[in-house]
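>>> Fold the following, please.
(chains A and B)
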2 protein chains.
Amino acid sequence: MSAQKNIRIDERVLSDNDHIAGQLRLRFAEQGTLVVNLISSPGSGKTSLLEATVRTLGKDFRTGSVVGDIATERDADRLRALGIPASQILTGGACHLDARLVKAALGRGGFEWLDFLFIENVGNLICPTAYDLGEDFKVALLSVAEGDDKPLKYPGIFSRAAVTIITKTDLLPHVSFDLDRVRAEIRALNPTGTILAASARSGDGIRDWCALLRDRLASKVSIASEVV
Amino acid sequence: MSAQKNIRIDERVLSDNDHIAGQLRLRFAEQGTLVVNLISSPGSGKTSLLEATVRTLGKDFRTGSVVGDIATERDADRLRALGIPASQILTGGACHLDARLVKAALGRGGFEWLDFLFIENVGNLICPTAYDLGEDFKVALLSVAEGDDKPLKYPGIFSRAAVTIITKTDLLPHVSFDLDRVRAEIRALNPTGTILAASARSGDGIRDWCALLRDRLASKVSIASEVV
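Residues are numbered from 1 along each chain as shown, chains lettered A, B, ... in the order given. Below is the predicted model of the structure:
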């Protein structure tokens, strides 16, 4: 029942972005693809997390990625090196992806019938927050090197992300970062969100993150089959 | 001669922002205040650098700050704790400061006849780049924890910043960061820019940064007195 609500395109007059995001969401539901929109500052470790994720899930699942950047193909190149389809969107000056850009990137082919599509947004903790890309959920990344005062300073993303991942935990011994304080601030902004801690470098927490992804994919596919 | 060019407000039709930035630049020139616009990702260490700067320069110079954030007064509170005037601008959702906001913040008083005014922009490597705030120069910060691939991925700011500071150098033993590669990429984008490396935590490089500030202030005051 609740899946129908997700799949049905709302009848109200949608903005252009929401309209295209709705089309994408319908397509992803039909394909049985779980779509994750990763948002963080530059250098919080989005691409490194995706590399570790693809290495863990790639044996059993079909994964692909769409990567937004102001300039360079560096991030997509890193993901293509793992043998997965990766479409780089160069936004020029624009500080976020929108649904139209994602739709165009997927049109280049190779993204049909994936189990997981990871959308790596432009490195920016602010602008991407408001744009629906047809994803199942948003993931916010915050590296321990960025400081433990960030959730309340950037409430938009931390209140909307279904999952927050505290990254680069291997650096915890070398920085001043109170993990409990950050967890408490995120919970205050977002009581139903999930908070994970991980390090792509040490492998810490990658298993929990991949288990969450597998669970959410199983739920999505199971609900979609009920609707059919 | 060149100072007159800086001080004179251009006669062409300026955009609103450029027009107000021009007014601010004239005011700062009359006051003999050197104005620095600091731009970086969230968590690159802008406030920590300013704390170290105020501790070093505060004995001999009058310093003040204007701090932009989406939400919270956390950064301004840290600077006020050092006894300097610090005006917090809360932008709501806006991802950058503009000249109008800075003018309004200065209108609250306490910023007349400073030697140094530090404008700490909203944590964002993209949006603040294009906005003139009446500053003498922009400073880009890049922490070693963010990764050494960033300059070419965010060419706007690294090509426009007169000074780039590689921050958190105390973390260099714990991260993969090729300082020479970063220096080469920044020089390719910005051949005349100055590149410094610093750690507010260890104190590394703070003396060089403060020496640069003193030199630029001396040049500005000396040029202004020639014009008068």
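>>> Longest helix in chain A, please.
When every helix of chain A is counted residue by residue (DSSP state H), the longest turns out to be helix A:206-227.
>>> and that one, what other elements does it pack with?
Helix A:206-227 sits against helix A:2-7, helix A:16-31, strand A:34-39, helix A:46-57, strand A:194-197, with contacts defined as 3 or more Cβ pairs under 8 Å, 6 or more residues apart in numbering or on different chains; DSSP states H and E. No exception for glycine: its C-beta is placed from N, CA and C like everyone else's.
>>> other SSEs contacting the last one?
Think strand A:194-197. Counting by 3+ Cβ pairs under 8 Å, 6+ apart, the elements that strand A:194-197 packs against turn out to be strand A:163-167, helix A:179-189, helix A:206-227.
>>> Out of these, which gets the lowest mean score?
Here those differ in mean pLDDT, and the lowest is helix A:206-227 at a mean of 91.
>>> Keeping just the C-alphas, turn that helix into CSV.
As requested, C-alpha coordinates have been extracted for helix A:206-227 and formatted as CSV (Å, rounded to 0.1, in the frame of the first residue of the first chain):
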residue,chain,number,x,y,z
ILE,A,206,31.7,-0.8,6.0
ARG,A,207,30.0,-4.1,6.8
ASP,A,208,27.2,-2.3,8.8
TRP,A,209,26.7,0.2,6.0
CYS,A,210,26.5,-2.5,3.3
ALA,A,211,24.1,-4.5,5.5
LEU,A,212,21.8,-1.5,5.7
LEU,A,213,21.9,-1.2,1.9
ARG,A,214,21.1,-4.8,1.4
ASP,A,215,18.1,-4.6,3.9
ARG,A,216,16.7,-1.5,2.2
LEU,A,217,17.0,-3.1,-1.3
ALA,A,218,15.2,-6.2,0.0
SER,A,219,12.4,-4.1,1.4
LYS,A,220,12.0,-2.1,-1.8
VAL,A,221,11.9,-5.2,-4.1
SER,A,222,9.6,-7.0,-1.7
ILE,A,223,7.1,-4.0,-1.6
ALA,A,224,7.3,-3.6,-5.3
SER,A,225,6.4,-7.3,-5.9
GLU,A,226,3.4,-6.9,-3.6
VAL,A,227,2.1,-3.9,-5.6
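>>> who in chain A is up against chain B?
Counting by Cβ under 8 Å from any Cβ of the partner chain, the residues of chain A close to chain B are A:41-43, A:69-72, A:74, A:93, A:95, A:122-127, A:130, A:143, A:145-147, A:149-150, A:152-156, A:168, A:170-171, A:174-175.
>>> try 6 Å
For chain A, the residues found near chain B under the criterion Cβ under 6 Å from any Cβ of the partner chain are A:41-43, A:69-72, A:74, A:95, A:124-127, A:145-147, A:149-150, A:152-155, A:171, A:174.
>>> Pull out the buried members of the residues you listed.
Of all the residues of chain A next to chain B considered here, the ones buried according to neighbour count by 16 or more other Cβ atoms under 10 Å in any protein chain shown are A:41-43, A:69-70, A:72, A:74, A:95, A:124-127, A:145-147, A:149-150, A:152-155, A:171, A:174.
>>> So which of those sit within strands?
residue A:69 (DSSP state E).
>>> Phi first, then psi, for the closest residue to residue A:137 other than its chain neighbours.
Computed as Cβ to Cβ, 6 or more residues apart in numbering or on different chains, the closest residue to residue A:137 that is not its neighbour in sequence is residue A:162, at 3.7 Å. In this entry, residue A:162 is assigned phi and psi values of phi -70, psi -30 (degrees, to the nearest 10).
>>> hey, which helix or strand in chain A has the poorest pLDDT?
Confidence across the helices and strands of chain A bottoms out at helix A:2-7, with a mean of 39, counting by mean pLDDT, DSSP states H and E.
>>> which residues are contacting stretch A:147-165?
The set of residues external to stretch A:147-165 that reach it, using Cβ atoms under 6 Å, 6 or more residues apart in numbering or on different chains, is A:39, A:125, A:129, A:137-142, A:177-178, A:181-182, A:185-186, A:189-190, A:193-196, A:198, B:42-43, B:69-72, B:74.
>>> before we move on, what about stretch A:128-143?
A:18, A:21, A:24-25, A:34-40, A:44-46, A:96, A:98-99, A:102, A:119, A:121, A:150, A:156-158, A:160-168.
>>> ok, now stretch A:70-86?
The list of residues contacting stretch A:70-86 from outside it, by Cβ under 6 Å, 6+ apart, reads A:47, A:54, A:63-65, A:67, A:88, A:91, A:110, B:149, B:152-155.
>>> Show me which residues of that stretch are buried.
Residues of stretch A:70-86 classed as buried by neighbour count (16+ other Cβ under 10 Å): A:70, A:72, A:74-76, A:78-80, A:84-86.
>>> One more: stretch A:88-101?
A:88-89, A:91, A:94-99, A:101.
>>> cool, and stretch A:180-198?
Residues of stretch A:180-198 classed as buried: A:182-183, A:185-186, A:189-190, A:193-198 (neighbour count, 16+ other Cβ under 10 Å).
>>> okay, how far is it across it, tip to tip?
15 Å (Cα to Cα, to the nearest Å).
>>> repeat for stretch A:40-50
Comparing the first residue of stretch A:40-50 with its last one, the separation is 13 Å (Cα to Cα).
>>> before we move on, back to that, tell me which of the buried residues of stretch A:70-86 fall in helices.
Judged by DSSP H, helices contain the following of the buried residues of stretch A:70-86: A:74-76, A:78-80.
>>> would a markdown table of the residues you listed with pLDDT be doable?
As requested, these are exported to a markdown table (pLDDT from 0 to 100):
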| residue | pLDDT |
| --- | --- |
| A:74 | 96 |
| A:75 | 97 |
| A:76 | 97 |
| A:78 | 97 |
| A:79 | 97 |
| A:80 | 96 |
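>>> Now flag whichever of these is closest to chain B.
residue A:74 (5.4 Å; Cβ to the nearest Cβ).
>>> Quick check: the gap between that closest one and residue B:151.
To residue B:151, residue A:74 is 11 Å away according to Cβ to Cβ, to the nearest Å.
>>> before we move on, what about residue A:180?
35 Å.
>>> Could you do residue A:115 as well?
The gap separating residue A:115 from residue B:151 is 35 Å, by Cβ to Cβ.
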